[in-house]
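Participant: What follows is a predicted protein model with its sequence.
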Amino acid sequence: GAGVSQSPRYKVAKRGQDVALRCDPISGHVSLFWYQQALGQGPEFLTYFQNEAQLDKSGLPSDRFFAERPEGSVSTLKIQRTQQEDSAVYLCASGVGLTSYEQYFGPGTRLTVT
Amino acid sequence: AQSVTQLGSHVSVSEGALVLLRCNYSSSVPPYLFWYVQYPNQGLQLLLKYTSAATLVKGINGFEAEFKKSETSFHLTKPSAHMSDAAEYFCAVSGGFNTDKLIFGTGTRLQVFP
C-alpha cells in the first residue's frame, strides 16, 4: 500500500528564499509529525497535528517556520527567508490513532540552502 | 524531560557475529521506547517498540530488544549479523505524558564486514 510521501525529495534554495515542503500522509491517519534531521544527527521534533489541529509546535526553531494541515490530510511545512542553518532533511511521519505509538516516516526532503 | 543516549556512534561486526547496539533512556514517566533503522536516502523504518507489555520485544529482521528498568536500558540485539543490516539505527523515547512526539538519540552506524 501507499506509504507517506514527501515532495520535493531534494530542494536547493538560495539564502533568503522561501520554500514549501509537502507531506502526504497515509490515508486515514490522524496524527502527523514533522522532524528536522541535521547531517549526522537524529531527527528532532518540529511540530504535531491531530487532524487539522496543530497541537504542538514547540520544536519550530523560529517564527520563520510555519506548518499547516488545513483539511486534516496533506501538510505543508513552510520556511521563510531560508538561512544556511536550515539545511537539513525534513521528515514527515503519520500515525493511525489519536495516541499513535507507531509513526510511519516518509523518505524526507533534503533542503540545501546556499 | 525525556532523553535517550546511544553509546557508540559506530559499531562494526563481522557477518554472522552478534549485533549489540546500546541505548539508555531517561524518562519522568513510564516510557515507550522504539528502535528505528534508516537506510541511505530513506526515511526511518520501525524495527520494534516497547509499550509496557513484555519486556523482551521482538521486531522485524531478527532484531530484538530488552527493556531493563533497573538499568534504564533498551539495547538492540541480533544473534547473527547480515550484510543487509548495515544502516543507521536510532533509539527513541516518546516525549512524555500527553504527547506522542519522539525524542531520538544521535544514532549508531552499523557496519557489517564479510
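Facilitator: Perfect, I can see it now.

Participant: shaky segments in chain B?
Facilitator: In the predicted model, chain B carries pLDDT under 70 at residues B:95-99.

Participant: Near chain B, which residues of chain A are found?
Facilitator: By CB under 8 Å from any CB of the partner chain, the residues of chain A that approach chain B are A:4, A:31, A:33, A:35, A:40-45, A:48, A:56, A:59, A:91, A:93, A:95, A:99-108. Quick note: C-beta positions are derived from backbone N, CA and C, even for glycine.

Participant: Any part of the helix or strand containing residue B:109 near chain A?
Facilitator: Here residue B:109 is covered by strand B:108-113, with elements defined by DSSP states H and E. No - between strand B:108-113 and chain A, judged by CB under 8 Å from any CB, nothing touches; the nearest distance is 9.3 Å.

Participant: Can you tell me which helices and strands that strand packs against?
Facilitator: The elements that strand B:108-113 packs onto, with contact taken as 3 or more CB pairs under 8 Å, 6 or more residues apart in numbering or on different chains; DSSP states H and E, are strand B:10-14, strand B:19-26, strand B:87-94.

Participant: list the buried ones in the second one?
Facilitator: Using 16 or more other CB atoms under 10 Å in any protein chain shown as the burial criterion, the residues of strand B:19-26 that qualify are B:19, B:21-25.

Participant: Residue B:32 is nearest to which of the helices and strands packed on strand B:108-113?
Facilitator: Evaluated over the helices and strands packed on strand B:108-113, closeness to residue B:32 peaks at strand B:87-94, with 4.1 Å, by CB to CB.

Participant: So what touches that closest one?
Facilitator: Residues outside strand B:87-94 that contact it (CB atoms under 8 Å, 6 or more residues apart in numbering or on different chains) are A:42-43, A:101, B:2-4, B:6, B:21, B:23, B:25, B:27, B:31-40, B:44, B:47, B:74, B:76, B:100-105, B:107-110.

Participant: returning to what we had before: could the helices and strands packed on strand B:108-113 be laid out in a markdown table, adding distance to residue B:51?
Facilitator: Shown next, in a markdown table, are those (distance: least, CB to CB, whole Å):
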| stretch | distance to residue B:51 |
| --- | --- |
| strand B:10-14 | 26 |
| strand B:19-26 | 14 |
| strand B:87-94 | 9 |
